[in-house]
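In: Sequence plus the predicted model coming up.
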Amino acid sequence: MAFVITLDLTSREPIYEQLKNKIIKLAASGVFEAGYRLPSVRSLAKELMVNPNTVQKAYQDLEREGVIYSLPGKGSFVSEGVNKNRMIQNGAMNQLRKSVKQCVIFGVAKELVISAVEDTYKEERV
Amino acid sequence: MICVESLIKKFDNKTVLDEISLEINDGLVYGLLGSNGSGKSTLLRSIAGIYEPDGGAIMTDDKAVFENADYKNQIFLVSDEPFFFAQSSVNEMAAFYRKFYSNWDEEVFRRLCGVFPLNYSAKISTFSKGMKRQALIILSISTSPKYLLLDEAFDGLDPVMRNVLKSIIAEKIVDNAMSVVVSSHNINEFENMCDVIAILHKGKKILERNQNDQSDQITKVQIAFNGPPAREMFGSFNVHHYESRGNLATLTIRGERDEVESGLQAMNPIFMDIIPATLEEIFLYEMEGVGYDPKNIL
């Protein structure tokens, strides 16, 4: 099975965080639809050549955050409505605040920031 | 689980292991890091039940491991100097191990033979260093060990073979709750592989770190405010290292990264850069903390 999750082994971001973020992104953007069955810890660890305990930890975190759910003996699946998940939305908002802060520091006019936000929403809404 | 309790090992009058204590839990990868002569190989041979402790104990299921036949059936030491019978081939060595290891897995052996491109009926003595290592690794995994001890095991393997080995180990950890104890003098090898890492120096364990412990993350931060910062401003954080120049402060902070970040953000900095520390950096900080000069150890 070819799998879409790739890791950057040279990054300073810990593997388990990379894994979590990748799965969240893929699930929130709909590449992984609700009910999508994630690879088992065993096969993902094998595929990525990482310690299975690291994969396990990422899955546990994702389950706690409601991104995935597991059925004993069946595996782990992507939850319904990941893009409406409050925790993930908060994470995205934090990213936005950081970016806005950058704009403030770099002296970007407030009107430009606001119109960029509005344009982005317009483009995304098909 | 294997429990090493205050283990002492001496050769003649030289103390090679000096009151080492550690626990190797099932299904985990335990890394031993240390320079040449730090005691890694002696510790692995002791854990393998080859050396008898001169003090302390190594226990599994409440029994000592030294010359414990049941335990030896479950453990395999891939030594830094692979040993094979003179004139023997991999197939002949397999026949030997098959006799002694009751959990020998012929299917795994066949599969690994397909993965590692070796001549299985040729004399091992004609193999290169890396090929000998591959041969021993194939044999070790085929015994379905509960505990796999790898002494500098990744030495002499090319990057492709390293990845193959990591994949196979991942599979065995999930399938058999296999534990791995691996030694190396190269810290970068361990970063993404080990659950727990210990540093040995002159026969002592000077540090141990559980990589899965999120509250134990170390983050490097550069941060600036309007006006010069003071160390006291960061009183609510667990600050390891602090330096400031002008309006800019450079810190290393211990604690869960998300919490550190949101805490710092709340201080309303005009600039902030957050970088997770690498394993090497973490150990450098920690060793300074316990009074060792890292240059002599890593």
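Out: Received the coordinates, thanks.
In: and B:Phe109, how many neighbours?
Out: Neighbour count for B:Phe109, taken as other CB atoms under 10 Å in any protein chain shown: 20. Any C-beta I mention is one placed from the backbone N, CA and C, and that applies to glycine too.
In: Tell me the confidence at it?
Out: For B:Phe109, the pLDDT comes out at 95.
In: ok, now which ones touch it?
Out: Shown in contact with B:Phe109 (CB atoms under 8 Å, 6 or more residues apart in numbering or on different chains): B:Ala94, B:Ile138, B:Leu139, B:Ser142.
In: Now tabulate these in a markdown table and tack on neighbour count and distance to B:Asp62.
Out: Converted to a markdown table, the contacts of B:Phe109 look like this (neighbours: other CB atoms under 10 Å in any protein chain shown; distance: CB to CB, whole Å):
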| residue | neighbour count | distance to B:Asp62 |
| --- | --- | --- |
| B:Ala94 | 21 | 33 |
| B:Ile138 | 23 | 33 |
| B:Leu139 | 23 | 30 |
| B:Ser142 | 24 | 29 |
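In: Buried residues in stretch A:37-44, which are they?
Out: A:Leu38, A:Pro39, A:Val41, A:Arg42, A:Ser43, A:Leu44 (16 or more other CB atoms under 10 Å in any protein chain shown).
In: Is the fifth one within a helix or a strand, and which one?
Out: Read it as A:Ser43. According to DSSP states H and E, A:Ser43 maps onto helix A:41-48.
In: Export that helix to PDB, keeping only CA atoms.
Out: Output of helix A:41-48 as PDB, limited to C-alpha atoms (Å, rounded to 0.1, in the frame of the first residue of the first chain):
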ATOM      1  CA  VAL A  41       0.400   1.300  13.900                       C
ATOM      2  CA  ARG A  42       2.400  -1.700  12.700                       C
ATOM      3  CA  SER A  43       2.200  -1.000   9.100                       C
ATOM      4  CA  LEU A  44       2.800   2.800   9.400                       C
ATOM      5  CA  ALA A  45       5.800   2.300  11.600                       C
ATOM      6  CA  LYS A  46       7.200  -0.200   9.100                       C
ATOM      7  CA  GLU A  47       6.500   2.000   6.200                       C
ATOM      8  CA  LEU A  48       8.000   5.100   7.800                       C
END
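In: before we move on, back to that, which two in the contacts of B:Phe109 are spaced the farthest apart?
Out: B:Ala94 and B:Ile138 (8.3 Å; CB to CB).
In: Phi first, then psi, for the residue nearest the centre of chain B.
Out: The centroid of chain B falls nearest to B:Gly31 when counting by CA atoms, centre = their mean (1.0 Å). For B:Gly31, the backbone dihedrals (degrees, to the nearest 10) come out as phi -100, psi 130.
In: Ignoring the adjacent residues along the chain, who's closest to it?
Out: The shortest distance from B:Gly31 to any non-neighbouring residue, by CB to CB, 6 or more residues apart in numbering or on different chains, is to B:Cys194 (3.6 Å).
In: so which helix or strand takes in B:Glu259?
Out: Per DSSP H and E: helix B:257-265 holds B:Glu259.
In: With B:Glu280 instead?
Out: helix B:279-289.
In: roughly how far out does that helix sit from the chain middle?
Out: Relative to the chain's own centre, helix B:279-289 is displaced by 16 Å; criterion: CA atoms, centre = their mean, to the nearest Å.
In: ok, that helix near chain A or not?
Out: No - interface with chain A: helix B:279-289 contributes nothing (CB under 8 Å from any CB of the partner chain), its closest point being 9.4 Å away.
In: what does that helix contact?
Out: So helix B:279-289 is in contact with B:33, B:187-188, B:190-191, B:197, B:199, B:206-207, B:209, B:211, B:218, B:220, B:240-241, B:252, B:277, B:293-294, B:297-298, going by CB under 8 Å, 6+ apart.
In: picking that back up, from the contact counts, what lies against the helix holding B:Glu259?
Out: Contacts defined by 3 or more CB pairs under 8 Å, 6 or more residues apart in numbering or on different chains; DSSP states H and E place helix B:257-265 against helix A:86-105, strand B:218-224, strand B:271-276.
In: list the helices and strands the helix holding A:Ser43 packs on?
Out: helix A:52-64, helix B:159-176.
In: just to revisit the earlier point, so which of the contacts of helix B:279-289 belong to strands?
Out: Of those, the ones assigned to strands by DSSP state E are B:Leu33, B:Ile197, B:Ile199, B:Ile206, B:Leu207, B:Arg209, B:Ile218, B:Lys220, B:His240, B:His241, B:Thr252.
In: Spit out the contact partners of the residue nearest to the third one when sequence neighbours are not counted.
Out: Among residues not flanking B:Ile199 along the chain, B:Leu207 sits closest, at 4.5 Å (CB to CB, 6+ apart). The neighbours of B:Leu207, taking CB under 8 Å, 6+ apart as the test, are B:Ala198, B:Ile199, B:Phe283, B:Glu286, B:Met287, B:Val290.
In: For the residue nearest to B:Gly31, the count of nearby residues, please.
Out: 25.
In: how close does the residue most central in space within chain A get to chain B?
Out: In chain A, the centroid-proximal residue (CA atoms, centre = their mean) is A:Ile24; its distance is 2.4 Å. According to CB to the nearest CB, to the nearest Å, A:Ile24 and chain B sit 14 Å apart.
In: Does that residue touch A:Ala92 like I think?
Out: No - in this structure, A:Ile24 is not within contact of A:Ala92 by CB atoms under 8 Å, at 9.9 Å.
In: Up against chain B, what does chain A have?
Out: Counting by CB under 8 Å from any CB, chain A sits next to chain B at A:9, A:12-15, A:41-42, A:45-47, A:49-54, A:57, A:94, A:97-98, A:105.
In: Any of those buried? List them.
Out: A:14-15, A:41-42, A:45-47, A:49-54, A:57.
In: Pull the most distant pair out of the residues you listed.
Out: A:Pro14 and A:Arg42 (20.6 Å).
In: what's the helix or strand for A:Val108?
Out: A:Val108 belongs to no helix or strand, assigned by DSSP H and E.
In: Could you report the neighbour count for it?
Out: A:Val108 is flanked by 13 other residues according to other CB under 10 Å.
In: Could you measure from it over to chain B?
Out: Counting by CB to the nearest CB, the gap from A:Val108 to chain B is 15 Å.
In: ok, now which ones touch the residue nearest to B:Asn163 when sequence neighbours are not counted?
Out: Using CB to CB, 6+ apart and skipping residues adjacent in sequence, the residue nearest B:Asn163 is A:Met49, 4.8 Å away. Listed by CB under 8 Å, 6+ apart, the contact set of A:Met49 reads B:Asn163, B:Lys166, B:Ser167, B:Ala170.
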